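**Student:** Here is a sequence with its predicted model. Questions after.
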Amino acid sequence: MADPSTLRVTWIHSTIGHKAAAHGTIRALGLHRLHQTVELADNPVNRGMIRRVAFLLRVEEPTGPSTGSDT
């Protein structure tokens, strides 16, 4: 399970046809290939970059802590 202070970001749409700034922001997030997933710290800097290219990404926030009692 991911640390609660992280975000799981997946690049799902190409930057072809978008401004160069969108491609640069994708790279700055650590994404290099389509459908690649990275875990980023949940801080205002990363949130701002994600907001700029949200239409190209899927962002998953961690769910609550796992209790381990699935019985």
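**Tutor:** Yep, that arrived.

**Student:** so how far is residue 61 from residue 46?
**Tutor:** Distance from residue 46 to residue 61, counting by CB to CB, to the nearest Å: 12 Å. In short, each C-beta sits where N, CA and C put it, glycine included.

**Student:** Return every residue with contacts to both of the two.
**Tutor:** When contacts are counted by CB atoms under 8 Å, 6 or more residues apart in numbering, residue 46 and residue 61 are jointly contacted by residue 7.

**Student:** So between those two, which is more surrounded?
**Tutor:** When residue 46 and residue 61 are compared on other CB atoms under 10 Å, the one with more neighbours turns out to be residue 46, at 18 against 10.

**Student:** tell me the contacts of that one?
**Tutor:** In this structure, residue 46 makes contact with 7, 29, 40, judged by CB under 8 Å, 6+ apart.

**Student:** need the next SSE after the helix or strand hosting it, C-terminal direction.
**Tutor:** Following DSSP states H and E, the helix or strand that holds residue 46 is helix 44-52. Later in the chain than helix 44-52, the nearest helix or strand by DSSP H and E is strand 57-60.

**Student:** What are the buried residues along stretch 28-44?
**Tutor:** For stretch 28-44, burial by neighbour count (16 or more other CB atoms under 10 Å) applies to 29, 31, 40, 42.

**Student:** Would you mind listing the two of those that lie farthest apart?
**Tutor:** Considering CB to CB, no two members of the buried residues of stretch 28-44 lie farther apart than 31 and 42, which are separated by 16.6 Å.

**Student:** May I see the contacts of residue 46 organised as TSV, with distance to residue 57, pLDDT and secondary structure added?
**Tutor:** Rendered in TSV, the data for the contacts of residue 46 read as follows (distance: CB to CB, whole Å; pLDDT from 0 to 100; DSSP: H, G, I helix; E, B strand; the rest coil):
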residue	distance to residue 57	pLDDT	secondary structure
7	10	95	strand
29	8	97	coil
40	11	96	strand
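
**Student:** now these in TSV, with distance to residue 21?
**Tutor:** Listed next are the contacts of residue 46 as TSV, based on distance: CB to CB, whole Å:
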residue	distance to residue 21
7	21
29	13
40	19
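
**Student:** Quick check: which element contains residue 15?
**Tutor:** Counting by DSSP H and E, residue 15 is held by no secondary-structure element, helix or strand.
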